[in-house]
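Enquirer: Task: produce atomic coordinates for the following.
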Amino acid sequence: MLTQDTLFVEITGVFGAGYVPRLLDDLKQRLERGFRRRTSDGARKLNVLYCIDNTRAEKGDLRYRNQMNELIQRGGKLEVAERDELIRGLHWVDGLVIDFVQRVRRPVDVVLRRGGVMQAFALIRDEAWRRINADRKPQPKVSIFITATPDVIEATYADPEFRKQLEARLASYCETPADALKLQQEWWDNLADLPGVFRIERTSVEPHTLVESLVRAMQQGFRVCGRDVVPWRRVFISYSTADSEFVVRLRDSLQRYDIDCWFAPESMRIADPYRETFAREIGDRDAVIVVVSKSSLSSDWVKFEVTTALAYEQAAARTLVFPVRIDDEILSTAEAWAVPIRERHTANFVGWRDPAEFARALARLLQDLLDQERRGSSDSRFTAH
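Expert: This next block holds a predicted model:
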C-alpha cells in the first residue's frame, strides 16, 4: 500500500558493470533484517518492496515495452513524435510501478526501483527530460548510480551465472566488458551534474560489500528525507552461567535500544540440540558479544561459541565478535583459544555494579554495535552530488 511516507529509491547502473543480478532482492532483505521504523507505537520492521521497470513493462504490455525499448536504444536520434511517445511510455511505467505498490496490503516504507528517471536522463539529456520529470508521481527521493572499476567488470563478465543471464537478453545489454565500461562512462558523464545523485563505485566483486555500500547511502537518504529509520542489531550473547546477573542486566539494557538479544535460557526451545543451535544462531546474528571473565575463560561452551564466531567473522570479512570484560582475567590468560580476544580492545565493564560505570561502558558498546557497517572491508567509493 502506497502512503504519503513511502520512500522511492531509484537505483541504476549498466548491467554487468555496477549493477549485478539479484541486487535489489539482497538489498531488500538486508534493509528488512537490519532496520526498524519508529512509530508512535514503538519500532516495527521496515517494509520494503523492489521492482524492475523492465519486468513491470513486460507484464503490462510486452509489445508496447518492446516499442519503448527500441526508442530507448536509439537515444538521442529520435524524432519529436518519437520523443513524445517515449515520454508517454516512461510515465506509463511509473503508473505500473504505483499499481504494483498499491496492490500490497501492508503500508510500504521503501520502494527500491531499478531504472526510472536517472536512466531516462542519461539516455535523453536535454529539454525533453524536464518534460518527463515535471509531473512525475511519485517523485523519487533517493537516486543511486552504481559504477565499477574495469577489473570488476572483467571479473563479472567471466562469471558463468552472469553469462547465462546476459545471453538470455543479449539484445538489451552490453555484449563485452569494454562495451559495458564505455556505456557506464557515457551514462555517468550525463548524470554527474544531476543534483541529488549518490554514486557508488565498486572496487570488489564481493556482492555483500556492495549491498553494505548501498545501505550506507540509504541511511543518508533516510536522514535527508526525515524518515525515522534506525539500525536494528541482532546479537548473540556468549557467557558463563556464573555471570548471569551481569548478563541479564546487559541484555535488558541492550533491548531498550531495540537490539534483539539471543540469550540461551530464554531463546532456546525444548529439545533444541546445543551445538547446532548455537552455531546456527551465531551465523545468523550481526554481532556476538562475548562476556569475558574468569568463569567464561574456563567454559567449554564459551570456547566453542567464540571459535565458531571467529570462523564466521573471517569468512564474512567483517567484525562480528565484540568482547566485554567484567574482570581482568583476559589480560593474563594462557588459554590459546582466547588469544584473539585478548589481542582486541574490550569494552570495560569491570565496575559494572556502579550505575555510572555501567552506563559509560554501555554507551561505548552501543556506539560500536550501531556503527558496525564501518568495520567491514570496503569495496566501494561513495560520493554524493
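Enquirer: In this protein, which helix is the longest?
Expert: Ranked by residue count, the top helix of the chain under DSSP state H comes out as helix 80-102.
Enquirer: Show the subsequent helix or strand relative to that one.
Expert: strand 110-114 (DSSP states H and E).
Enquirer: pull the CA atoms of that following strand into CSV?
Expert: C-alpha atoms of strand 110-114 as CSV (Å, rounded to 0.1, in the frame of the first residue of the first chain):
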residue,chain,number,x,y,z
VAL,A,110,10.6,1.8,0.9
VAL,A,111,10.3,1.0,-2.8
LEU,A,112,13.6,0.0,-4.5
ARG,A,113,13.3,0.7,-8.2
ARG,A,114,15.6,-0.4,-11.0
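Enquirer: partners of that strand, with directions?
Expert: Strand pairing for strand 110-114, determined by DSSP bridges: strand 7-12 (parallel), strand 48-52 (parallel).
Enquirer: Return the most buried member of those.
Expert: Highest mean neighbour count among these (mean count of other Cβ atoms under 10 Å): strand 7-12, with a mean of 24. Backbone N, C-alpha and C define where each C-beta goes, glycine included.
Enquirer: Show me what counts as buried in stretch 301-319.
Expert: 301, 302, 303, 304, 305, 306, 308, 309, 310, 312, 313, 318 (16 or more other Cβ atoms under 10 Å).
Enquirer: do stretch 60-80 as well
Expert: The neighbour-count criterion (16+ other Cβ under 10 Å) identifies 64, 65, 68, 69, 71, 72, 78 as the buried residues of stretch 60-80.
Enquirer: Setting the sequence-adjacent residues aside, check what's closest to the last one.
Expert: In this structure, residue 78 finds its nearest non-sequential neighbour in residue 71, 6.2 Å apart by Cβ to Cβ, 6 or more residues apart in numbering.
Enquirer: Just confirm the one you found contacts residue 86, I think it does.
Expert: Yes: the criterion here is Cβ atoms under 8 Å, and residue 71 meets it with residue 86 at 4.5 Å.
Enquirer: Find residues that contact each of these two.
Expert: Common contact partners of residue 71 and residue 86 (Cβ atoms under 8 Å, 6 or more residues apart in numbering): residue 78.
Enquirer: in stretch 213-222, what's buried?
Expert: Within stretch 213-222, the residues scored as buried using 16+ other Cβ under 10 Å are 213, 214, 215, 217, 218, 219, 221, 222.
Enquirer: I meant stretch 36-45, not that one.
Expert: Here stretch 36-45 shows 36, 37, 43 as buried, counting by 16+ other Cβ under 10 Å.
Enquirer: list the contacts for the nearest residue to residue 320 once chain neighbours are set aside?
Expert: Using Cβ to Cβ, 6+ apart and skipping residues adjacent in sequence, the residue nearest residue 320 is residue 313, 3.9 Å away. Contacts of residue 313 were listed using Cβ under 8 Å, 6+ apart, and they are 319, 320, 321.
Enquirer: Tell me the spacing between residue 313 and residue 179.
Expert: Noted for residue 313: a distance of 39 Å to residue 179, by Cβ to Cβ, to the nearest Å.
Enquirer: same check, this time on residue 240
Expert: Between residue 240 and residue 179 the distance, using Cβ to Cβ, works out to 59 Å.
Enquirer: what's the answer for residue 111, then?
Expert: Shown here: residue 111 relative to residue 179, a distance of 30 Å by Cβ to Cβ.
Enquirer: which of these two has more neighbours?
Expert: Applying other Cβ atoms under 10 Å to residue 111 and residue 179 shows that residue 111 carries more neighbours, namely 25 against 16.
Enquirer: my guess is that one meets residue 3, correct?
Expert: No: Residue 111 is not in contact with residue 3 according to Cβ under 8 Å; the separation is 10.9 Å.
Enquirer: Nearest residue to the most centrally placed residue in the chain in space, please, no chain neighbours.
Expert: Among the residues of the chain, the one closest to the centroid is residue 215, at 3.9 Å (Cα atoms, centre = their mean). Excluding the flanking residues, the one nearest residue 215 by Cβ to Cβ, 6+ apart is residue 30, at 5.9 Å.
Enquirer: Could you list the buried residues of the helix or strand the one you found falls within?
Expert: Under the criterion of DSSP H and E, residue 30 resides in helix 23-34. Residues of helix 23-34 classed as buried: 23, 24, 26, 27, 28, 30, 31, 32, 34 (neighbour count, 16+ other Cβ under 10 Å).
Enquirer: how close does the last one sit to residue 337?
Expert: By that I understand residue 34. Using Cβ to Cβ, we find residue 34 at a distance of 29 Å from residue 337.
Enquirer: Count the residues that sit near residue 109.
Expert: Using other Cβ under 10 Å, residue 109 is surrounded by 22 other residues.
Enquirer: That one is in contact with residue 39, isn't it?
Expert: No: checked against Cβ under 8 Å, the pair residue 109 and residue 39 is beyond contact range at 10.4 Å.
Enquirer: can you pull the contacts of residue 57?
Expert: Residue 57 makes contact with 64, 65, 68, 92, 93, 96 under the criterion Cβ under 8 Å, 6+ apart.
Enquirer: And for residue 358?
Expert: 249, 253, 349, 351, 352.
Enquirer: in the stretch 201-350 of the chain, which spans are helices?
Expert: Taking DSSP state H, counting those that start in this stretch, the helices of the stretch 201-350 of the chain run over residues 207-224, 244-255, 264-267, 274-283, 300-316, 339-342.
Enquirer: so how far is the third one off the chain centroid?
Expert: Computed by Cα atoms, centre = their mean, to the nearest Å, the separation of helix 264-267 from the middle of its chain amounts to 29 Å.
Enquirer: In it, which residues are buried?
Expert: Residues of helix 264-267 classed as buried by neighbour count (16+ other Cβ under 10 Å): residue 264.
Enquirer: Now do it, average pLDDT.
Expert: Here helix 264-267 scores 73 as its mean pLDDT.
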